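Undergrad: Here's my sequence, what's the structure:
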Amino acid sequence: MKISRQFDIKSGVHTMQLMDDGKLAVIDVKNDFRIYDLDEYKLLDGFKSNLPANVLYINNMAISSDGKYLSLYDKEKKEVTVFDNIKRSFFFDIASHPGGVETVAFTLDNKYLITGGMEGRLYMWSVATGKKVDTLSHHYDSVSAISSNDNGRWIATAGYDKVIKVFNRSFRKNHYKLISHQEPVTTVNFLSSQRLLSTDKEGTILIWDVVKSSVISRLPKFDAHITAVCFDKEEKFLYVAGLGGMVGLYDLQEEKLLKIDFLKQLAGITQMHYCDERRLLIFGLSNGHIPIYDLNAPEEEFLDFMKQKDFSSCYTLAESNPLLHYSEVYESLENLFDKAYSHATLLLRQQKTAEAKELLKHFNATSAKRLIIQKLFNDFALFGTFLNAVNKNKYMMAYSLAEEHTALKETAEYEKMEEEWNKILLVIRKIINDKSAEEKIKQLFKPFMGIPGKNLIIKSLYSNRSVFILFRKHLMEKDYFNAFKLVQGHPFLEEFDEYAKLVKIGRIFKDKTLATFNDGSYYDAVKLCDILVYFPEQKEFSEGLKTKANIYAETMQYFAEKKFSAVYNMIEEHPYLEDAKITKEIEEGFLKYYEKAEAYAANGNVSAVKKVMDKFSKIKSKMPSIYHLVKVAYWAQIELAAQAKQSDSALQNAFSRYQKTFGYESMLEDLLKSIQKNRSLKISFDVSATKSYSGSVDALPLSLFE
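TA: Have a look, this model is predicted:
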């Protein structure tokens, strides 16, 4: 595939972000910033930060998706600098990682910045206040990747310790540890339905069920150090970039590798993004190039070849670009082939072989179609013999030829035999209860005696006539349970049209049940699941959906009764409830209060925190979040007291009171180190003193310095 457009900068691309307004933001390795217009492909804006040059392939810089904030990195000071891109001014600095920062990321709601250090510590910072508002579960080695889901509530982190940790901000007790990678993890990305996609340095690609902390599937290995991945909104295609410049293409829904060398870049790939609106695949390279591929362009080229009837070039293009196999233009070409094939079949029935060859010659250049065409002509070499057998009612010979030369099954003659067989079955169904009709049944079946497939039905009807009668009775009474039970003991019933209709009913029931569930009629969905479970093909689906429907119904009942504590408990226990409309609304309501209280906590105001969060203080599942806000307020109180130069004994007492209430936390040591930059304060921590506070929020003091 050819590059459609390309931007070039002098230094390697460190960080890229497709912004909400469709523009492309870029930070190069020298900490210089640029914004590009992807409509007119031109540079719109930018600035030089004058910070020291950074290092490529380390994710220690980031851009918020709204373009308002940049997280830059000063390698010499080992500090993160957050830049307000609207005011064009430095907002706040982060110097909490003494070993340096390895990874940073804005949450997708742009409300928080998460920093991961070389020492494995992870902190969350409020973009609104510039204050530290959380510490996440740390890794035992450098942090290598950070990601959040669309609403910013779920956060995934990964490290060189080969472990992935997932945290739910709404319910602080929900921490998930995902362990399977044998090499350092390089990327983590949330998929729909509480799933996560992760990659590592050896090219392993895993899809996880986060809540179960288990691997759902392993995609075919990429066999390269993966530096970046991206996928479309529908999660249909996955693009995987390697350190050496190779780009692989996967079908994410079918979980298969389509092409390991879909594209090849001439420099290392540091960044990769997919633009859904324009179908653009954009790369940031170590040499400063930003190549852009328009994925619509190959379809236009394909269409031009079609218009010229150069079908060989069409298929050659599709072989080099598997995306075309999923396009409308490729479907159009396949429809053309199907029509030509059907017409050629009619010509071969008329012994017009030369005309049939002429009709299909445009498709003969590709190996796949050539094999199909060759088989068609080989099969029809015996059409005369087949036709003669049909006309003389030598059905056993005709069916035998059709089994070996399958193209003959697509002829009108074969359909004629099948129609006759079905008419016979229809007559027999009407007279099967009549014991005096045995001789008539025998004569009706005579032309089809000895034919594989047909013979089984004939023999079964003779020996198990009563079973077939009972089977039909169950169907008429819609007794699906006993109908399938009968089939289980008498597999010959699967050969009848009645069984095919029964399976079709099950699929119709499945669609109806799912539609009922999606409409929010959960009790009705449960009733339909109780019927659907009788269909073996749908049993697993019906049992799973019934469980979900009962949970949704119970949650909605709690909501109707205004038992919000129970609703929150249900969401905590069953995270997929987050996708329900009502639970989205109440959770968004909670977060509004939480973020307001968070601003008070950043200034050490415990009283205001308690007041704002009072309506949630008796909800068990939300209490850990409120405790955490008080902790944040206490941290702020200690920081403010240190800045106000309070005595060592006052600070020591504050640390002691905190530890007696909440136990030892690594955050205490980080806080102490921050204070020790300006004064020599000594604190002894008891690292074995781990505890979880379980008292009431009201019992917590308003200040550690009272």
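
Undergrad: Contacts only, for residue 542.
TA: Shown in contact with residue 542 (C-beta atoms under 8 Å, 6 or more residues apart in numbering): 510, 513, 529, 532, 533, 535. C-beta coordinates here come from the backbone N, C-alpha and C atoms, glycine included.

Undergrad: and those residues, which are buried?
TA: 510, 513, 529, 532, 533, 535 (16 or more other C-beta atoms under 10 Å).

Undergrad: Sort out for me which of those residues are in helices.
TA: 510, 513, 529, 532 (DSSP state H).

Undergrad: now for the residues you listed, which pair is the farthest apart?
TA: 510 and 529 (9.8 Å; C-beta to C-beta).

Undergrad: Which residue ranges of the stretch 351-500 of the chain form strands?
TA: Along the stretch 351-500 of the chain, no segments are classed as strands by DSSP state E, counting those that start in this stretch.

Undergrad: what are the ranges of the helices in the stretch 351-500 of the chain?
TA: All helices of the stretch 351-500 of the chain, identified by DSSP state H, counting those that start in this stretch, fall at 353-360, 367-380, 383-391, 395-404, 412-431, 438-445, 454-463, 465-476, 480-489, 497-518.

Undergrad: Among those helices, which one carries the weakest average confidence?
TA: Across these, helix 454-463 has the smallest mean pLDDT, namely a mean of 80.

Undergrad: Would you mind getting the angle between it and helix 438-445?
TA: Angle, helix 454-463 to helix 438-445, by axes from the mean of the first three to the mean of the last three C-alpha atoms, to 10 degrees: 170 degrees.

Undergrad: By mean pLDDT, flag the weakest helix or strand of the protein.
TA: helix 454-463 (a mean of 80; mean pLDDT, DSSP states H and E).

Undergrad: Okay, buried residues for that helix please.
TA: Quick answer for helix 454-463 (16+ other C-beta under 10 Å): 454, 457, 458, 460, 461.

Undergrad: Surely the third one and residue 448 touch.
TA: This means residue 458. Yes. Residue 458 is in contact with residue 448 according to C-beta atoms under 8 Å; the separation is 6.8 Å.

Undergrad: what touches both of the two?
TA: Contacts common to residue 458 and residue 448, judged by C-beta under 8 Å, 6+ apart, are absent.

Undergrad: circling back to that earlier point, who are the packing partners of the least confident helix or strand of the chain?
TA: helix 412-431, helix 465-476 (3 or more C-beta pairs under 8 Å, 6 or more residues apart in numbering; DSSP states H and E).

Undergrad: one more time with 10 Å
TA: Packing contacts for helix 454-463, counted by 3 or more C-beta pairs under 10 Å, 6 or more residues apart in numbering; DSSP states H and E, involve helix 395-404, helix 412-431, helix 438-445, helix 465-476.

Undergrad: Chain neighbours aside, what residue packs nearest to residue 388?
TA: Nearest residue to residue 388, sequence neighbours excluded (C-beta to C-beta, 6 or more residues apart in numbering): residue 394, at 7.9 Å.

Undergrad: check contacts around the one you found.
TA: Neighbouring residues of residue 394 by C-beta atoms under 10 Å, 6 or more residues apart in numbering: 385, 386, 388, 400, 401, 447.

Undergrad: Using a markdown table, lay out these together with neighbour count.
TA: Shown next, in a markdown table, are the contacts of residue 394 (neighbours: other C-beta atoms under 10 Å):
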| residue | neighbour count |
| --- | --- |
| 385 | 15 |
| 386 | 23 |
| 388 | 12 |
| 400 | 16 |
| 401 | 21 |
| 447 | 16 |
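
Undergrad: Spatially central residue for the protein, please.
TA: residue 191 (3.1 Å; C-alpha atoms, centre = their mean).

Undergrad: Run through the residues that contact that one.
TA: Per C-beta under 10 Å, 6+ apart, neighbours of residue 191: 149, 197, 207, 208, 210, 216, 231, 235, 238, 252.

Undergrad: Name the nearest of those residues relative to residue 647.
TA: residue 149 (45.2 Å).

Undergrad: Report the residue ranges of every domain in this protein.
TA: 5-295, 464-561, 581-676 (automatic domain parsing).

Undergrad: Output these in TSV, with distance to residue 322 appended to each entry.
TA: As requested, those are exported to TSV (distance: least, C-beta to C-beta, whole Å):
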stretch	distance to residue 322
domain 5-295	4
domain 464-561	29
domain 581-676	37
